[in-house]
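[1] Okay, predicted coordinates and the sequence, questions at the end:
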Amino acid sequence: MKKYIYTFINGSAEGSALMNHTLGGKGANLAEMTNLGIPVPPGFTISTEVCTFYMKHKKFPSGFKKQLNSAILKIEQYMNKKFGCHKNPLLFSVRSGARQSMPGMMETVLNIGLNDDTLRGLVQKTDNAQFVYDSYRRLLMMYADVVMEKSNPLYSTTNDSIREELDLLLEKLKYQYSYKRDSDLTDSQLINLCNLYQKKIKSKFKQNFPQDPYEQLWGAINAVFQSWNGKRAIDYRKIENIPDDWGTAVNVQCMVFGNMGNTSATGVAFTRNPSTGEKKFFGEWLKNAQGEDVVAGIRTPLPIIDNSKHDLKSQFPKLYKELDEIQKNLELHYKEMQDLEFTIEEGKLWLLQTRTGKRNGTAAIKIALDMYKEKLHSKKQLLAKISPSHINEILLPTINPQEINNMNPIASGLPAGPGSATGEIVFHPNTAEQLYNEGKNVILVRKETSPEDVHGMYAAKAILTSRGGMTSHAALVARGWGKCCIVGCNDIEINEKNKLFKVGNRIIKEGDWITLNGTTGHVYNGQLPLIQPQISKNKLFNNLLSISKSEAKINVRTNADSPQDAKKAYELGATGIGLCRTEHMFFDPQRIKEIRKMIIANSLEDRKKAIMKLLPFQKNDFYNILKTMNGKPVTIRLLDPPLHEFLPTTKSQIQDLANDFNISYKQLHAKIHTLHESNPMLGHRGCRLAITYPEITQMQTTAIVQAAKQLLKEGFKPHPEIMIPLVGSIGEFIQQKNLITNIINQYSLQKLNIKIGTMIELPRACLIADKIAKLADFISFGTNDLTQTTFGFSRDDIGTFMPEYISQKIIKQDPFQVLDAEGVGELIKIAIKKSKSSNKKIKLGICGEHGGDPESIKFLYNAGVHYVSCSPFRVPIAYLTLAQIA
């Protein structure tokens with residue numbers, strides 16, 4: 001019979017950390033800790049295979065029930081307790097555990113096995129009615145929420161959820177007795193609350209909370225499997241690119257209780273600081289609480305160690321020492337920063353989980369570099385531990401210090417997520433998602449976040465909560481996504497009903513702007529300007545970039561149209577400019593006037609006169625960029641877009657231009673009409689425009705040559721390369737190359753050896769690449785247009801159908817974001833092979849947006865390009881990717 005259940009009991013487990021695919025991350029690590037002799041509550045893991053079977057067939061596989069009963073019996077024998085026995089009851093927790101960590105996205109049910117009978121036995125055994133009824137009210141809450149409501153679509157409702165209704169009963173009772181904490185409730189008050197809970201459940205679902213422990217267990221297992229396809233889990237999988245067919249494991253464990261009184265506690269800890277990367281044990285804990293209280297942010301927890309009388313080290317010195325030893329051993333064993341969950345039950349320590357800890361970008365880079373120095377990692381492992389998102393995070397904008405010199409924050413909390421953000425505040429995740437879809441920047445403000453909020457959290461620029469600590473759900477998810485976040489900001493009093501929060505005498509309403517500093521935890525009123533960080537002064541970043549560049553086998557250039565972009569890219573490691581788009585230089589008000597004169601000119605003489613007025617502007621542009629990139633290649637693409645893009649479109653704009661040029665509106669409108677194209681992407685643009693308007697190529701080449709000549713005189717080393725756009729036939733390339741070469745020869749700059757090449761953007765150009773390569777010094781693939789012309793998609797119009805294509809799995813991902821390897825990629829491979837066959841010295845690059853996408857870079861590297869070019873802030877990501885695959 002196929003094995004579906006794997007036990008872990010008293011130092012011996014049937015699984016290990018290597019069985020992640022079968023046992024999920026949580027189950028595999030519970031097994032591993034058990035085998036390492038770490039105190040783990042005994043239990044068993046139901047494999048992911050059961051989940052995938054259950055999802056497909058809507059039933060459990062044959063033999064599963066027998067294995068489940070056998071596993072329960074093993075635990076009963078070891079614990080000397082019986083599941084469902086009223087005298088000495090065994091209680092279980094039921095938790096999900098996918099291959100990849102999905103914090104809080106699937107369901108958990110604690111205290112399974114409690115009912116009106118087992119309650120009495122547990123009270124008798126523990127002599128602690130407050131603890132028992134506190135545990136029961138938690139089971140009633142979780143079971144009603146997870147099993148009776150969420151996993152049963154018949155009970156879905158747009159009204160308040162059962163959790164909200166039960167929470168309201170709890171808050172009313174606390175308010176009645178002026179209590180601040182749940183743990184202040186007496187046993188008699190808790191008994192009354194449990195009765196109220198059961199009545200509310202019966203009223204809402206027209207059925208009683210189940211008293212049969214086995215019915216509870218089966219219901220919880222079923223609910224965890226159902227939660228794999230819950231909205232929040234699906235949303236999270238899309239964000240994290242987790243496959244839908246993985247399924248989740250289910251972990252069933254004996255309950256250990258952190259809510260048994262003042263000798264009990266619960267907490268979450270990290271072996272290193274997940275915000276800074278500092279090698280220091282870090283975490284939070286609560287006395288007399290269950291684990292959900294820390295993670296959900298229901299109570300703001302205390303630090304594990306901060307040298308105060310309230311930290312764990314002071315309150316439980318022996319147990320702290322044991323926990324500290326365990327965390328050190330786990331980090332050494334896994335060679336990775338660990339995220340631990342623990343419970344102290346009446347003076348005994350139990351580990352409930354270990355997993356790779358989520359961290360922000362700064363922490364990720366520091367931890368990887370430190371572990372490399374500590375010889376825990378090789379250089380290759382160091383690079384593998386860092387993701388593109390980590391680099392993105394350290395490039396996040398920050399508040400301009402000059403703006404806050406004389407400004408006090410309106411509130412402060414715990415800095416849980418990196419960078420700074422500014423936006424309109426909203427109080428509901430659905431509103432955040434809606435405004436995000438409208439292109440607005442929003443900050444989600446909540447008392448605490450829950451997994452139900454994940455879609456709104458992702459849509460928001462930043463998250464602000466009034467409750468919770470550095471290990472709360474909001475902090476954990478924000479850190480994982482590199483999102484600005486402040487938690488535990490108890491200065492603010494949130495009124496979700498009226499969509500506002502108060503801070504002192506100030507009222508901030510939905511739609512008002514605030515600015516968060518996720519590094520300091522400060523909240524500012526209004527919209528403050530953000531600036532890019534001074535990355536050149538960041539030692540961690542520079543160390544990583546140096547290692548990445550030393551390991552990468554090909555170069556990374558940048559797409560830059562101004563000296564400012566070129567300077568930024570140089571700071572970020574670019575070895576040159578792979579695409580300088582000259583058309584962006586023409587939109588300056590003074591310049592666009594001259595280009596418009598050229599377009600509407602009625603004679604060749606007038607046209608040349610207008611275009612030559614642009615020469616000094618272009619020369620100055622190229623001079624500054626070539627000077628900034630001194631000694632590094634700068635690939636300048638000649639004018640590419642069709643002429644109508646430079647002309648006005650509205651009636652008033654056309655009239656204004658006609659007045660400027662002293663011609664009639666009718667004349668100008670007629671000229672614009674003649675230039676209008678039905679399909680401009682495939683129309684009169686690129687080299688086609690340059691062939692019919694050769695003076696454009698002549699002017700631009702002259703500007704490049706004059707700028708280079710001046711720089712040579714000044715002692716610089718200009719390295720321009722001239723790229724002819726949209727070549728589809730060898731004749732087009734020859735015609736343009738001759739024009740360019742003639743001008744270079746006129747200035748006697750042959751010694752500068754200015755390279756002349758082309759941008760391949762058409763399938764036909766890929767197929768005749770051998771012919772082009774014989775005459776070209778370089779070829780650069782313009783993958784944006786090559787994708788358009790291969791698919792027949794217009795990049796500007798795919799929004800009407802691409803989301804549907806992706807959701808129906810017609811296309812796996814947007815081909816303008818990740819290179820289509822089967823079609824576009826195949827054309828690139830053909831072109832590379834043909835090019836190298838006719839010109840072994842040909843330089844091959846790529847300058848579309850795909851040059852900064854890690855998956856695309858991997859394909860292009862293997863295809864044989866010599867460099868990739870991308871936007872400045874993606875340069876370090878490209879180097880990291882190239883170093884990882886080298």
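    It's in.

[2] Show me the chain divided up by domain.
    The chain breaks down into these domains under automatic domain parsing: 1-115+212-255, 128-208, 265-356, 396-532, 552-642+677-885.

[3] Let's have those domains in a markdown table, adding mean neighbour count, distance to residue 373 and mean pLDDT.
    Any C-beta I mention is one placed from the backbone N, CA and C, and that applies to glycine too. Converted to a markdown table, these look like this (neighbours: other C-beta atoms under 10 Å; distance: least, C-beta to C-beta, whole Å; pLDDT from 0 to 100):
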| stretch | mean neighbour count | distance to residue 373 | mean pLDDT |
| --- | --- | --- | --- |
| domain 1-115+212-255 | 20 | 25 | 93 |
| domain 128-208 | 17 | 44 | 89 |
| domain 265-356 | 20 | 10 | 92 |
| domain 396-532 | 20 | 23 | 90 |
| domain 552-642+677-885 | 19 | 18 | 93 |
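
[4] pull the CA atoms of stretch 53-71 into PDB?
    As requested, the backbone C-alpha atoms of stretch 53-71 are provided in PDB (Å, rounded to 0.1, in the frame of the first residue of the first chain):
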ATOM      1  CA  PHE A  53      -5.600  13.300  -5.000                       C
ATOM      2  CA  TYR A  54      -8.300  14.900  -2.900                       C
ATOM      3  CA  MET A  55      -8.400  18.000  -5.100                       C
ATOM      4  CA  LYS A  56      -8.700  15.900  -8.200                       C
ATOM      5  CA  HIS A  57     -11.200  13.200  -7.000                       C
ATOM      6  CA  LYS A  58     -13.000  15.100  -4.200                       C
ATOM      7  CA  LYS A  59     -12.300  12.200  -1.800                       C
ATOM      8  CA  PHE A  60      -9.400  10.700   0.100                       C
ATOM      9  CA  PRO A  61      -7.300   7.800  -1.400                       C
ATOM     10  CA  SER A  62      -8.000   4.200  -0.600                       C
ATOM     11  CA  GLY A  63      -6.200   3.100   2.600                       C
ATOM     12  CA  PHE A  64      -5.700   6.600   3.900                       C
ATOM     13  CA  LYS A  65      -8.200   6.300   6.800                       C
ATOM     14  CA  LYS A  66      -6.500   3.100   8.000                       C
ATOM     15  CA  GLN A  67      -3.100   4.800   8.000                       C
ATOM     16  CA  LEU A  68      -4.600   7.900   9.800                       C
ATOM     17  CA  ASN A  69      -6.000   5.700  12.600                       C
ATOM     18  CA  SER A  70      -2.800   3.800  12.900                       C
ATOM     19  CA  ALA A  71      -0.800   7.000  13.300                       C
END
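
[5] what does that stretch rub up against?
    The contact list for stretch 53-71 (C-beta atoms under 8 Å, 6 or more residues apart in numbering) reads 1-5, 7, 44, 46, 49-50, 222, 225, 228-229, 247, 252.

[6] which one of these sits closest to residue 868?
    When the contacts of stretch 53-71 are ranked by distance to residue 868 (C-beta to C-beta), residue 247 comes first, at 36.5 Å.

[7] what's the closest non-adjacent residue to residue 556?
    Distance criterion C-beta to C-beta, 6 or more residues apart in numbering; nearest residue to residue 556, sequence neighbours excluded, is residue 878 at 4.4 Å.

[8] show me where the stretch 751-886 of the chain has helices.
    763-767, 769-775, 783-791, 802-807, 824-838, 854-863, 875-885 (DSSP state H, counting those that start in this stretch).

[9] Just checking the distance from the longest one to the centre of its chain.
    This means helix 824-838. In terms of C-alpha atoms, centre = their mean, to the nearest Å, the centre of helix 824-838 is found 34 Å from the chain centre.
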